[in-house]
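K.L.:
structure for this input, please:
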Amino acid sequence: MIGFYQKTIKQEIQFRGVGLHNGKKVDMKLVPAAPNHGIVFKRTDLKTKNLIPAVFSNVSKAVLCTNIENEFGVSVSTIEHLMGALYGEEIDNLLVQINSSEVPAMDGSAKEFVSKIRKTGTKNYDTLRRFIKVLKKCELVKDKKFITIEPYENDLKVDFEIIYNNPLIGKQRKSVSLYKDDLNSIYNSRTFCLFEDIDKIKQQGLGKGGSLENAVVVKGNKIVNESGLRYRNEFVMHKILDCMGDLMLADHRILGKVRCSQGGHQLTNDLLRKFLSDSKYFSVVEFRESKLPKSTLYNGPVAVSA
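P.N.:
Just a heads-up that it's a prediction; the model follows:
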């Protein structure tokens, strides 16, 4: 079972890389933060109005990546792999200082984020965590895609399915317990694309920093990358990593079960908006040692002013 108390990291962690979509060099620093601070991005290349709380209501775009934006139009994109690492490693409070508009892609997974967090270590506060407890099933269906969230005791289970016409990817499905299972294979799974989609991605002004160093490219029934796949089902496991990162934007960890077929960033964000807009679907609870949950009132994520 996940711990009852809020966490941050013991000391600052630095990353340097390239944005997957904007192609720009970027320096990023993770800085420990106080209890109830949440995850907040700070654009250090801007002097004012540069704080962006990482919450679902700040998602402005969710095409091929998750982009958050504050009330002044200042944004940061491709946050999902970092946020997935923070979810799995139980980091609640952090200031993310970044000198560009996109999180570095690293190798296309959350592997290096997790490695440095574990090497640095975490710090526990004596402030209790709050959990979002699912009370009633909430679902969204869009064409052949669907996503649901429903009650599930003392865990967050993610059951994800992908269906591609591509003969190598095909249909893959995996279920993971975020609080009980070993998540290393999820963290290590890289972003991927079909070779025939590369031109379409670039026409949208995206993928400028993409390479075989930070993405798996599938061409027909072959992997273009010389090193091949890390896992046979790396594709669906990366989708679970993305989903974890997008669920982290709920601002509290969730106790429930998420089932998704052929979804992505936009569908997950749409679900959070519907689910957290109506108190019939959820309550917020605190756990005190082995006692029963104590219900609390949820008023939504707290905005951090610049």
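
K.L.:
pretty sure residue 123 belongs to a strand, no?
P.N.:
Yes: under DSSP: H, G, I helix; E, B strand; the rest coil, residue 123 falls within a strand.

K.L.:
correct me, but it touches residue 35?
P.N.:
No: taking CB atoms under 8 Å as the definition, residue 123 is not a contact partner of residue 35, at 10.5 Å. Yep, even glycine has a C-beta here, placed from its N, CA and C like the rest.

K.L.:
helices or strands up against the strand or helix carrying residue 86?
P.N.:
Take DSSP states H and E as the rule and residue 86 turns out to sit in helix 80-88. On a contact count with 3 or more CB pairs under 8 Å, 6 or more residues apart in numbering; DSSP states H and E, helix 80-88 meets helix 111-120, helix 184-187, helix 234-247.

K.L.:
turn those helices into JSON lines, columns for mean pLDDT and mean neighbour count.
P.N.:
JSON lines is the format used below for the helices and strands packed on helix 80-88 (pLDDT from 0 to 100; neighbours: other CB atoms under 10 Å):
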{"stretch": "helix 111-120", "mean pLDDT": "98", "mean neighbour count": "17"}
{"stretch": "helix 184-187", "mean pLDDT": "98", "mean neighbour count": "20"}
{"stretch": "helix 234-247", "mean pLDDT": "98", "mean neighbour count": "25"}
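
K.L.:
just say helix, strand or coil for residue 28.
P.N.:
Taking three-state DSSP as the rule, one finds residue 28 in the strand state.

K.L.:
go ahead and confirm it touches residue 105.
P.N.:
No: under the criterion of CB under 8 Å, residue 28 is not in contact with residue 105, lying 11.1 Å apart.

K.L.:
where do the contact lists of the two overlap?
P.N.:
With contacts defined as CB atoms under 8 Å, 6 or more residues apart in numbering, the residues adjacent to both residue 28 and residue 105 are residue 17.

K.L.:
for the most centrally placed residue in the chain, give me its contacts.
P.N.:
For the chain, the residue whose C-alpha lies nearest the mean C-alpha position (CA atoms, centre = their mean) is residue 245; its distance is 0.8 Å. Shown here is residue 245, whose contacts under the criterion CB under 8 Å, 6+ apart are 66, 79, 80, 81, 82, 83, 84, 85, 87.

K.L.:
how about residue 95?
P.N.:
Under the criterion of CB under 8 Å, 6+ apart, the contact list for residue 95 reads 30, 31, 32, 33, 37, 40, 42.

K.L.:
residue 34 versus the residue lying closest to the fifth one once chain neighbours are set aside, what's the distance?
P.N.:
By that I understand residue 37. In space, and not counting its chain neighbours, residue 37 is closest to residue 93: 4.2 Å by CB to CB, 6 or more residues apart in numbering. For residue 93, the distance to residue 34 equals 6 Å [CB to CB, to the nearest Å].

K.L.:
ok, the closest residue to residue 70 other than its chain neighbours to residue 249 distance?
P.N.:
Leaving aside its sequence neighbours, residue 70 sits nearest to residue 52 (CB to CB, 6+ apart; 4.6 Å). Going from residue 52 to residue 249 by CB to CB gives 12 Å.

K.L.:
and if you look at residue 4?
P.N.:
Remark: distance between residue 4 and residue 249 (CB to CB) = 22 Å.

K.L.:
those two: which has the busier surroundings?
P.N.:
It is residue 249, of residue 4 and residue 249, that has more neighbours when counted by other CB atoms under 10 Å, with 24 against 15.

K.L.:
quick one: contacts for the more buried one?
P.N.:
Residue 249 neighbours (CB under 8 Å, 6+ apart): 54, 55, 56, 58, 59, 66, 68, 83, 269, 272.

K.L.:
which one of the residues you listed sits closest to residue 168?
P.N.:
The nearest member of the contacts of residue 249 to residue 168, counting by CB to CB, is residue 66 at 26.1 Å.

K.L.:
ok, the closest one touching residue 248?
P.N.:
No: in this structure, residue 66 is not within contact of residue 248 by CB under 8 Å, at 9.9 Å.

K.L.:
so what sits against both of those two?
P.N.:
Counting by CB under 8 Å, 6+ apart, the common neighbours of residue 66 and residue 248 are residue 83.

K.L.:
need the distance between the two termini of stretch 118-130.
P.N.:
End-to-end distance of stretch 118-130: 23 Å, with CA to CA, to the nearest Å as the criterion.

K.L.:
now that stretch: buried residues?
P.N.:
Across stretch 118-130, burial judged by 16 or more other CB atoms under 10 Å covers 122, 128, 129, 130.

K.L.:
again with stretch 17-36
P.N.:
Within stretch 17-36, judged by 16+ other CB under 10 Å, the buried ones are 17-22, 26, 28-33, 35.

K.L.:
for stretch 196-213, same thing?
P.N.:
For stretch 196-213, the buried set under the neighbour-count rule, 16+ other CB under 10 Å, comprises 201, 206, 207, 209, 210.
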